[in-house]
Structure formats: structure tokens, C-alpha cells
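**Student:** Sequence isn't available, so here's the structure alone:
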């Protein structure tokens, strides 16, 4: 027999119950509710961000139907961030450009060469 571990985050059990192991029923419920809430928030934010990006992308491609790469007349299929989001760019229309698949792949490959450091032998 031992004292209840509490609802988590170094908080002791409010009732100070003695249990065989782990948590008392009240602390177990509180701990599971907190874990489930954290999981729901994370997955909801991902879904909302993904849906939001799809809406921006569709609206941008509707207004920009051809590839914006110099000299290319192919239909635009991809939307590229001029300043990458990881570098502080956003998804405003001023930071986006419509590209065909081949030019988007080329631009992305060039950017990856800058971002990914060379492997040491």
C-alpha cells in the first residue's frame, strides 16, 4: 500500500488516499481528462491548420492559373512560400507564388540544399 500519486505534474492527491498502486479513482480520472484534452488540442490544431492551408491554396490557384516561373506557361499546380514558414514567412498572398510541379520541385530542391547541412564522413 502506498499514497496516491496524484493527478500529475507533481501535484499531490488532494484527499491523500492510500492505494495499492498508482492513483485513486478521482486522480486517475483527472489525469486521463488532462491527457485526452492535450491530445484533442494537438490533433484539432493540425486539422484546422491543414484545412486553412487547403482553402488558401485553392483560392490562390484560382487567381493564379499559370506558373509564375520566368518563361513558363504551364498550368500552376503547386503553391510555394517565397519566404519559408520555418524562417518566419506567412501564408499571405504576397509571400506565395504559383508554380507548376516541375518548377516547384526544382525550387524546393535548391532550398533543401541550403537548409540541410552536408553529412560528415
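**Tutor:** Arrived safely. These numbers come from a predicted model, not from an experiment.
**Student:** Buried residues in the host helix or strand of residue 111, which are they?
**Tutor:** With the criterion set as DSSP states H and E, the secondary-structure element containing residue 111 is helix 101-115. Within helix 101-115, the residues scored as buried using 16 or more other Cβ atoms under 10 Å are 103, 104, 107. Placement of C-beta: from N, CA and C, glycine included.
**Student:** Nearest to residue 59 among these?
**Tutor:** Sorting the buried residues of helix 101-115 by how near they are to residue 59, with Cβ to Cβ, puts residue 104 at the top with 17.8 Å.
**Student:** would you list every one of the helices in this structure?
**Tutor:** 25-63, 101-115 (DSSP state H).
**Student:** Of those helices, which shows the lowest average pLDDT?
**Tutor:** Confidence, taken as mean pLDDT, is least for helix 25-63 of these (a mean of 75).
**Student:** from the middle of its chain, how far away would stretch 66-73 be?
**Tutor:** Averaging C-alpha positions (Cα atoms, centre = their mean, to the nearest Å) puts stretch 66-73 30 Å from its chain's average.
**Student:** what's the span of that stretch from first residue to last?
**Tutor:** 6 Å (Cα to Cα, to the nearest Å).
**Student:** Pull out the buried residues from that stretch.
**Tutor:** For stretch 66-73, a neighbour-count test (16+ other Cβ under 10 Å) marks 67, 69 as buried.
**Student:** now that stretch: mean pLDDT?
**Tutor:** In this model, stretch 66-73 has an average pLDDT of 95.
**Student:** And for that stretch, what's in contact with it?
**Tutor:** Outside stretch 66-73, the residues within contact range by Cβ atoms under 8 Å, 6 or more residues apart in numbering are 74, 75, 76, 97, 98, 99, 100, 103, 107.
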